[in-house]
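[1] My questions concern the predicted model and sequence given below.
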Amino acid sequence: MALSPGTHPPLRVAVLGCGVVGTEVVRRLVTEGDELAARAGARLELVGVAVRSLDVERDPVVDRALLTTDAESLVEKADVVVELMGGIEPARTLVLRAVEHGASVVTANKALLAQDGPALYDAADAAGVDLYFEAAVAGAIPIVRPVRESLAGDTVLRVLGIVNGTTNYVLDSMTTEGLGLEEAVTEAQALGYAEADPTADVEGYDAAAKAAILASLAFHTRVALADVDRVGITALTADDVTWAGRTGHVLKLLAVAERARTAEGRDGVLVRVQPTLVPSDHPLAGVRQAFNAVFVEAEAAGELMFYGRGAGGAPTASAVLGDLVSVVRHRVLGGKGPVESSHADLPVLDGGEARSRYQVRLEVDDRPGVLARVAAELAAQDVSIEAVRQVLQAGDDPAATLVITTHTAPERALRATVDAVSALDVVRRVVSVLPVL
Ligand SMILES: NC(=O)c1ccc[n+]([C@@H]2O[C@H](COP(=O)([O-])OP(=O)(O)OC[C@H]3O[C@@H](n4cnc5c(N)ncnc54)[C@H](O)[C@@H]3O)[C@@H](O)[C@H]2O)c1
Ligand SMILES: N[C@@H](CCO)C(=O)O
Ligand code: NA
């Protein structure tokens, strides 16, 4: 029989890390206590907040008496541990210790999950406790639960989307304000989107970790960060953005996880993060600023789209609190949430197996026969041309920019074509090679 919050003993909640997200989670635990208790079936008693230093000035909503620098002891006296420190260690050790002590865990830590997810799942399963992580992928957007639970009866074919707010903000500023990459990153830092060290975002590691988590859930297969083919946005220039616009596209950093079959008929999954040209009329092209959006294509459900805030303290806290209520409900009513589902165990295929349309931009000599020689190299690799655009460059030395859009081709053939084209004496430079959605 279900117990009301009045009859079930309170459950002890420990929060590890009191930064952007931790502070907002504490705020809602304090200000929404009655409502959360009514929903969860038990009061959520905040028993401690682990911090690095007791001397830092903090939001007054955080009761100083609850602060501790002894995270290890804190996790041992909690029923639910909410890990919001980020990074691999000591988060990993603390999560494992919490689980060993019988606590359920809620975490927003995509880096930890993408590196050590299976070990954490195994420990949680062995202990019979929950491991929930909605906030780890696309912040406030419900995407982990839909893929893990709502689509558990369907076959997911592809998950693709914009899962990093910082890079979307940067690319959006470059597109709409004409900023260069460095200027746009500086602006994103000033607004609090990008961190002081923006590497994880701009090099695509953050998006790749999220792609690995989504691919694992969608395809019932273990996919780690190291399995993801990753290209960040640091090589993109204002010129790339301008050319995207001229050809009717918007540049976006896309994460794509899909089922694929090799030429030899081997089934597997492809998981990639890469700057991609999105047609201007595609819904993903309209995802502006730091917003995120994820498309899921499933056999029976067809296309689904999820959109919202992928970052920020309050939006991310929403996802954390939703998980917290779920795991507390399980404590109150008995049972637990889903365990890891990795039975399909599909191989992660090499990125060369991917198939896409591509746009190749070249700087070439402007003289007779150049286009024919370039086209011959594409034909030699069986890469079919969809469109060619040429713009002559001003100056004494006759040069032209050639923008070639291909039909769908295997990435392996495209790479071979680019190598061959760049070796031609009439080709001065391969300026960029970008996939087209
Ligand atoms: N900020 C977002 O928008 C967002 C969105 C989704 C997920 N996340 C994830 O949430 C987690 C927290 O992110 P954040 O933005 O709040 O980071 P943050 O840097 O603002 O906060 C982390 C806090 O943890 C503390 N901390 C680190 N190591 C500690 C330790 N050993 N003991 C005690 N405290 C320690 C830090 O001092 C800091 O105050 C990360 O895993 C992040 O990837 C963040
Ligand atoms: N740094 C991430 C937020 C945390 O996942 C982003 O910019 O989307
Ligand atoms: Na989410």
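    All right, it came through fine. Numbering: from 1, shown residues only. Ligands and ions are numbered 1, 2, ... in the order given.

[2] does Q289 count as helix, strand or coil?
    coil (DSSP: H, G, I helix; E, B strand; the rest coil).

[3] Just give the nearest non-adjacent residue to N292, would you?
    G310 (3.1 Å; C-beta to C-beta, 6 or more residues apart in numbering). Using the backbone N, CA and C atoms, a C-beta is placed for each residue, glycine as well.

[4] Could I get the pLDDT score of the one you found?
    You'll see G310 listed with a pLDDT of 93.

[5] Now do it: how many residues are near it, please.
    Applying other C-beta atoms under 10 Å, we find 31 residues neighbouring G310.

[6] got it, and A263?
    8.

[7] how close does it sit to E353?
    8 Å (C-beta to C-beta, to the nearest Å).

[8] Likewise for V271?
    11 Å.

[9] Have a look at these two and say which one is more surrounded.
    V271 (29 against 17).

[10] The more buried one belongs to a strand?
    Yes: assessed with three-state DSSP, V271 lies in a strand.

[11] in terms of contact, does it touch D227 like I think?
    Yes: V271 is in contact with D227 according to C-beta atoms under 8 Å; the separation is 6.1 Å.

[12] Leaving out the residues flanking it, which one is nearest to the closest residue to ligand 1 within the chain?
    Among the residues of the chain, G19 lies nearest to ligand 1; the distance is 1.8 Å by C-beta to the nearest ligand atom. In space, and not counting its chain neighbours, G19 is closest to L84: 6.9 Å by C-beta to C-beta, 6+ apart.

[13] and the gap between the one you found and L112?
    In terms of C-beta to C-beta, L84 sits 11 Å off from L112.

[14] can you check L424 too?
    In terms of C-beta to C-beta, L424 sits 47 Å off from L112.

[15] quick one, which of the two is more surrounded?
    Comparing L424 with L112 by other C-beta under 10 Å, the one with more neighbours is L112, at 24 against 16.

[16] residues from the stretch 1-150 of the chain in reach of ligand 3?
    Residues of the stretch 1-150 of the chain found near ligand 3 (C-beta under 5 Å from the ion) are E134, V137, A138, I141, I143.

[17] Over to the residue nearest to the fourth one when sequence neighbours are not counted. Which of the three states is it?
    By the measure of C-beta to C-beta, 6+ apart, the closest residue to I141 outside its immediate chain neighbours is G308, 4.3 Å from it. Using three-state DSSP, the three-state assignment for G308 comes out as strand.

[18] Was I right to think G308 contacts P315?
    Yes: using C-beta under 8 Å, G308 makes contact with P315 at a distance of 7.3 Å.

[19] More neighbours: which of these two?
    Regarding G308 and P315, a neighbour count based on other C-beta under 10 Å identifies P315 as having more, with 20 against 16.

[20] Please state the backbone phi and psi of V278?
    phi -100, psi 120 (degrees, to the nearest 10).

[21] what do you get for V47?
    Dihedral pair for V47: phi -100, psi -10, per degrees, to the nearest 10.

[22] Please list all residues in contact with it.
    When contacts are counted by C-beta atoms under 8 Å, 6 or more residues apart in numbering, V47 touches R12, V13, A14, L66, L74, K77, A78.

[23] Can you mark which positions in the longest helix belonging to the chain are buried?
    Ranked by residue count under DSSP state H, the longest helix found in the chain is helix 313-333. Across helix 313-333, burial judged by 16 or more other C-beta atoms under 10 Å covers 313-332.

[24] and that helix, what's its mean pLDDT?
    97.

[25] is that helix anywhere near ligand 2?
    No: against ligand 2, helix 313-333 shows no contacts by C-beta under 6 Å from any ligand atom, the least distance being 7.2 Å.

[26] C-alpha coordinates for that helix, PDB please?
    Taking C-alpha atoms only, helix 313-333 is exported to PDB below (Å, rounded to 0.1, in the frame of the first residue of the first chain):
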ATOM      1  CA  GLY A 313      21.200  26.300 -13.400                       C
ATOM      2  CA  ALA A 314      17.400  26.300 -13.100                       C
ATOM      3  CA  PRO A 315      16.600  24.300 -16.300                       C
ATOM      4  CA  THR A 316      19.200  21.700 -15.400                       C
ATOM      5  CA  ALA A 317      17.800  21.500 -11.800                       C
ATOM      6  CA  SER A 318      14.400  20.800 -13.300                       C
ATOM      7  CA  ALA A 319      15.700  17.500 -14.700                       C
ATOM      8  CA  VAL A 320      17.600  16.700 -11.500                       C
ATOM      9  CA  LEU A 321      14.500  17.200  -9.400                       C
ATOM     10  CA  GLY A 322      12.400  15.100 -11.700                       C
ATOM     11  CA  ASP A 323      14.900  12.200 -11.300                       C
ATOM     12  CA  LEU A 324      15.000  12.800  -7.600                       C
ATOM     13  CA  VAL A 325      11.200  12.500  -7.300                       C
ATOM     14  CA  SER A 326      11.300   9.300  -9.400                       C
ATOM     15  CA  VAL A 327      13.900   7.500  -7.300                       C
ATOM     16  CA  VAL A 328      12.200   8.500  -4.100                       C
ATOM     17  CA  ARG A 329       8.900   7.200  -5.400                       C
ATOM     18  CA  HIS A 330      10.700   3.800  -5.900                       C
ATOM     19  CA  ARG A 331      12.000   3.900  -2.300                       C
ATOM     20  CA  VAL A 332       8.500   4.600  -1.000                       C
ATOM     21  CA  LEU A 333       6.600   2.200  -3.200                       C
END
